[in-house]
Each structure stands twice: as C-alpha cells, then as structure tokens.
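J.: please work out how this folds:
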Amino acid sequence: MQPKYDAIVIGGGHNGLVAACYLARAKWKVLVLERRSLVGGACVTEQVFPGYKISTAAYVNSLFRPEIVRDLNLNAYGFEVIERNPASFSPFLDGRYLMLGRGVGEDAAEIAKFSTRDAQAYPKYEAMLARVASVIEPTLMQIPPNVRRPRLGDLETALRLGRSMQRLGSGMTDAVQILTGAARPILDRWFESEELKGTLATDAIIGAFMAPSMPGTAYVLFHHVMGETNGKKGVWAYMRGGMGGITQALARAATDLGAEIRTDAEVAKILVKDGAATGVVLANGDEIAARNVASGVDMHHTFERFIDPQLLPPDFRDAIARISYDSASLKINAAIDRLPSFTALPGREPGLQHHGTVHLCPDQDFIERAYDDAKYGGSSREPVVEFQMPSSLDPTLAPPGKHVISMFVQYAPYRLKDGPWTKRLKDEFADRCFAIVERYAPGFTESVIDRQILTPADIEERFGLTGGNIFQGSMSLDNLFAFRPVPGYADYRTPIKRLYVCGSAAHPGGGVMGAAGCNAARVMLRS
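T.: Numbering: from 1, shown residues only. So this is what the prediction gives:
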C-alpha cells in the first residue's frame, strides 16, 4: 500500500499536536489520530456539568514552552493566559493564613507572620532555585545524549551540560540534591516554619506516589519553578476557557498548516515491515500507511500493546516493562453555587484568597501520614487536598454567580489492597476531602451542585494513561533526561526504524510543556 502520509501521530494530546504542527510546517503530510471524540489528551476543557467548563485533568499552565507559542503563533489561534496573583493561599485552623507569589516584599511580609528568619531566607532560596533552573531549563528543549552508543554530537551535548554545571560553582551541590534528593531535607535546611514548609512540600508530591522525605520529590518540587507566564519566571496561570485553550489552539494551528486530525480513531496496532514502521491499524480494522509513525501515548501502549514484543530487542523490551506507572493522585471536579468563605479570610466575592492554589496542609508530617496509609494499600484517611477556583478570574467557565473548582488530591492508589475502586469508595474518599475543606471554609459542602471523581483507574480509562500516571511514567532520576524512556533511546528514536516517541513518556517528561513533541519533530525532520 502506497503511503498517503509522511507521518502519522498517535494521540492528539498537547505533545502530539505540537509534533504535528512542526511537521506540517515543514510541508509534511501529517495525520493525527485521537482515540477520544475531542483532541487534547489530558489537557482538555469539557462540559462535565451542563453550563460549566471543566479542565478535567490538567488544570494550570506555566510549563508550556514560550518558544512553541511564538513559533506557531498560537496567540492568533486563541491561546490566552490569565496570570494568577497570588500564586497560593494556605489557610490554617488557628485563623492565620499564608499568601505567596505576590512579589518579593509581599511574600516576605507574609512569611514573617510565621518566622522572621524564614522571611529573610526565602528570597535566597528562590535565587538558589533560579540558578539551578538556569542550567536545567535549557535541557528541556535539547535532544538527550545516547548514553549506550554515544555519537560525537552526544558527547558535545554532555560536555555543554558539564560546563553549565561547573559555572554553578558551589551551587552544583544544590543542583545535585534537587535532581536526586528528597524535598523534605532541603526544605528543613532552609526553613523552620512548618506552615511554609507544608505549603511548599505539597508541590513536591503532585502526581508522584511518594512522600516529601523520599528521593525524587525535590525534582518534582523544582518542576514548579521552571515555567513562566508572560515572561515572568515561576508564575503559573489559568488558560482562558480552561486548559483546552492550549490544545484547541494547537489543533487550529495544525489544521491551518495542513495537518489532518481524526477523532474517534483508536489505534490498535503499529504496522512493522522489515524492521521499520509502515503505518497503523485502527480498532475498526482500517489500515493507514505512512512513511513515519510518532507515538504520543505512553510506552506500555506503544510497545506492549501496539507492537508484537518479538519485534523488539530483549533488553529494550525488559527496560520498557520496568517503567513504573505507580499513581496515587485523584482528581475531583465540582460545580459550586458560591465561592468558599475561609475562616482565616472570610468573603464569598472573588478575592485574593480565591485566585491561586489553595493548600490545606498544616505541616510536612500531615503529608507523611497521608502517604503511610497509601503505602500499605489504603487511601489516605486524611488526604492532602489542594484546589483551584479558576472561575474567580475567568467568568466564562460558569454561569453568572456560579463557579468551578478543581481539586487535586493525594493519596488514592490505583490498586487498593481490599479490591478495586467502587462508587461507594470513591464517594467516601471525596466526602473525606470535602470534610477537610469544611474545616477551613464552613458551608463548602452544601455549596456543591455536582461533582466528578476521577481515581487513577478512571484517569487510565478516560485518558489512556497507564496506571493513571499523569506523567506517562515515573519522574524518578532513573527515568529522566538520557534515561527517559529507557537508556539508549532518549533521542526520540526507537529500535523500530521510522517509529518515534513524542509524548510525555520521552524527555523531558510530564507536565504540559510541549517540549517532547517539538524535540521529536526536530529529530524526525533531520532524519
């Protein structure tokens, strides 16, 4: 069968769409195949409740690469960010609260309510993170070296990275600890206030089945300072109209560039002939030929479901099988008839306390105890709850006077020791989450009009993310940069010729960045 397309992209998530845009811009004939009825993957806006626009999975933006926005002129296609100020609000049961992200002076004054020493240390801590980011952030848009079979270009990449690390001087120790260590020892070294440390520590566990005391959480924490909004480093934003604003803009750009996008087009098999990808077979039996195939879905689907394992080298097959998809993150989306009024800062009209992420975490031990429950196969008796109310800044998301709320909760394991998640277990867990919010904002529960509860199992079924892992695989040190998805194949190529990976399973990993899609397209075009 003569190929009709230069490239088929499996999966219409943000990375797949980015790859499609760059390939189509280079005049390749591109087909994007999306299993669901709408493009976007886990970066979508859906009307889960009539009249309400919900960012069903991904909920805030900062990491999406500004280079991609500029290259593809996404602002012309509806890409619009709404900057959050403050970034976070942490109420406490003693009536105090902590706001962060309003500026150096305001942050210092807020932290000083809990510790004068911490108020003085915080700008130095942020400066340390910025220095490390100056080395790490440029690697997001780099093709990682092949550590098993290095070429000259790989050695040059490694040398440049080594020189960048050298320029950190004594700060190299900080970089190594952030890349390899646990968040808690770092926070304990810098600060004394548990209120501040608890707030910061929640960012170290998002999407990870780990406690802040475990190695690997420092890098997850660091992830939250690498992005930018409107040129402002570390500032997070909502997308106008929800997170689907990113992927809908990408889809419009891709279509304008000549790419074809098909929804309700589930891939069942990747066709391979003489060691090279030649196209795909859809679940309905249709065969589509292409000169190249790029997979934006995770490695379990790509290599353990879509391809006959016997076509893969045994060492590669074994490495793919070892990728961890452990997840304990649960998402609750809700429609509410009024904003919560916090005891620490009352008021139901949209105010500063409603604009950013609300952290309900008194200290780091609270997180550790929640993790202990999950470690032994249960869901947290006292979950770690954080949530956003994007409608406080974007009235297009809900009817007048009403609002949407997006809760991200730890820990709710994919596998429970007593059996699968049932509706009763989901409701009981959500009720525990709402009870925690109720402690800080009395009357919250009765304000809820409707709710959607997505366990890791639901996330897997809905978005095709194995294990419900939002990063398409662990973000531990052994699965980053030159080791992602597996050593020797971090350059977006695979053992199958003309088959590439372009999703979050590849470098630089999870988060709504678009870097993997862009990098993969660059490799494909060079090839």
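
J.: show me the contacts for S504.
T.: Contact analysis of S504 by C-beta atoms under 8 Å, 6 or more residues apart in numbering lists G13, N15, D298, F471, Q472, G473, G510, G511, A516. Where C-beta positions appear, they are placed from N, C-alpha and C, glycine not excepted.

J.: out of everything not next to it in sequence, what's closest to the first one?
T.: Spelled out, it's G13. Of all residues not flanking G13 in the chain, G41 sits nearest, at 2.5 Å (C-beta to C-beta, 6 or more residues apart in numbering).

J.: what about the strands in the stretch 151-300 of the chain?
T.: Secondary structure of the stretch 151-300 of the chain by DSSP state E, counting those that start in this stretch: the strands cover 228-229, 232-233, 237-239, 260-262, 267-273, 276-282, 287-289, 293-295.

J.: what's the second one in contact with?
T.: Taking contacts as C-beta under 8 Å, 6+ apart, the residues outside strand 232-233 that touch it are E83, A130, A133, V225, G227.

J.: the third one contacts H224, doesn't it?
T.: Which is A133. No. In this structure A133 lies outside contact range of H224 using C-beta atoms under 8 Å: 10.8 Å.

J.: the more surrounded of the two?
T.: Neighbour count, other C-beta atoms under 10 Å: between A133 and H224, H224 has more, with 21 against 18.

J.: distance of that one relative to L74?
T.: Noted for H224: a distance of 23 Å to L74, by C-beta to C-beta, to the nearest Å.

J.: now do A505
T.: 24 Å.

J.: with G153 instead?
T.: Taking C-beta to C-beta, one finds G153 at 30 Å from L74.

J.: ok, these two, which is more surrounded?
T.: L74 (23 against 12).

J.: what's the burial count for the closest residue to V60 other than its chain neighbours?
T.: Distances taken as C-beta to C-beta, 6+ apart place W236 nearest to V60, at 5.0 Å, with adjacent residues excluded. Using other C-beta under 10 Å, W236 has 23 neighbouring residues.

J.: and what of the one 4 residues further on?
T.: One way to gauge burial is a neighbour count; for R240, by other C-beta under 10 Å, it gives 16.

J.: likewise R252?
T.: Neighbour tally, R252, other C-beta under 10 Å: 19.

J.: can you pull out the helices in the stretch 151-300 of the chain?
T.: Shown for the stretch 151-300 of the chain, the helices assigned by DSSP state H, counting those that start in this stretch span residues 152-167, 172-180, 183-190, 194-202, 217-223, 244-256, 299-304.

J.: indicate which one of those is closest to I332.
T.: helix 194-202 (15.7 Å; C-beta to C-beta).

J.: and that closest one, what's its mean pLDDT?
T.: Per-residue pLDDT over helix 194-202 has a mean of 96.

J.: that helix packs against which elements?
T.: Under the contact definition 3 or more C-beta pairs under 8 Å, 6 or more residues apart in numbering; DSSP states H and E, helix 194-202 sits against strand 88-91, strand 97-100, helix 183-190, strand 357-360, helix 364-375.

J.: what's in contact with the third one?
T.: Under the criterion C-beta under 8 Å, 6+ apart, residues 118, 121, 124-125, 177-178, 197, 200-201, 204, 211-213, 217-218, 220-221, 364 lie in contact with helix 183-190.

J.: let's see that with 6 Å instead.
T.: The contact list for helix 183-190, computed with C-beta atoms under 6 Å, 6 or more residues apart in numbering, reads A121, Y125, K197, L200, A201, A204, P212, S213, T217, A218, L221, Q364.

J.: need these in CSV with neighbour count, can you?
T.: Formatted as CSV, those follow (neighbours: other C-beta atoms under 10 Å):
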residue, neighbour count
A121, 19
Y125, 18
K197, 23
L200, 25
A201, 28
A204, 28
P212, 29
S213, 18
T217, 26
A218, 24
L221, 25
Q364, 23
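
J.: got the CA coordinates for stretch 101-113 in PDB?
T.: Below are the C-alpha coordinates for stretch 101-113, written out as PDB (Å, rounded to 0.1, in the frame of the first residue of the first chain):
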ATOM      1  CA  GLY A 101       3.500  34.800  44.800                       C
ATOM      2  CA  ARG A 102       2.600  38.500  45.000                       C
ATOM      3  CA  GLY A 103       6.100  39.800  44.900                       C
ATOM      4  CA  VAL A 104       9.300  39.900  47.000                       C
ATOM      5  CA  GLY A 105       8.100  42.400  49.600                       C
ATOM      6  CA  GLU A 106       4.600  40.900  50.000                       C
ATOM      7  CA  ASP A 107       6.000  37.400  50.300                       C
ATOM      8  CA  ALA A 108       8.500  38.400  52.900                       C
ATOM      9  CA  ALA A 109       5.700  40.100  55.000                       C
ATOM     10  CA  GLU A 110       3.500  37.000  54.700                       C
ATOM     11  CA  ILE A 111       6.200  34.600  55.700                       C
ATOM     12  CA  ALA A 112       7.300  36.900  58.600                       C
ATOM     13  CA  LYS A 113       3.900  36.200  60.200                       C
END
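
J.: buried ones in it?
T.: By neighbour count on 16 or more other C-beta atoms under 10 Å, the buried set for stretch 101-113 is G101, R102, D107, E110, I111, K113.

J.: tell me which of those is nearest to L271?
T.: G101 (49.2 Å).

J.: which residue is the nearest non-sequential neighbour of that closest one?
T.: A87 (2.6 Å).

J.: so what's the residue count around that neighbour?
T.: Using other C-beta under 10 Å, A87 has 21 neighbouring residues.

J.: ok, now which ones touch it?
T.: By C-beta under 6 Å, 6+ apart, the neighbours of A87 are L100, G101, G356.

J.: where is pLDDT lowest across these?
T.: Among the contacts of A87, G101 has the weakest pLDDT, 91.

J.: re the thing from before, quick check on the contacts of strand 232-233: which are buried?
T.: E83, A133, V225, G227.

J.: just put these in TSV and tack on distance to K27.
T.: Written out in TSV, the entries for the buried ones among the contacts of strand 232-233 read as follows (distance: C-beta to C-beta, whole Å):
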residue	distance to K27
E83	36
A133	36
V225	38
G227	31
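
J.: nearest to L31 among those residues?
T.: Using C-beta to C-beta, those come closest to L31 at G227, 30.7 Å.

J.: and the residue nearest in space to the middle of the chain, its phi and psi?
T.: Of all residues in the chain, the one closest to the mean position by C-alpha atoms, centre = their mean is G511, 2.7 Å from it. Note on G511: its backbone torsions stand at phi 100, psi 150 [degrees, to the nearest 10].

J.: nearest residue to it in space, please, no chain neighbours.
T.: L63 (4.4 Å).

J.: now the helices for the stretch 1-150 of the chain?
T.: So, for the stretch 1-150 of the chain - with DSSP H, counting those that start in this stretch - the helices run 14-25, 66-71, 104-112, 116-136.

J.: that older thread, tell me which of the helices and strands packed on helix 194-202 sits nearest to R317.
T.: Closest among the helices and strands packed on helix 194-202, once you apply C-beta to C-beta, is helix 364-375, at 29.7 Å.
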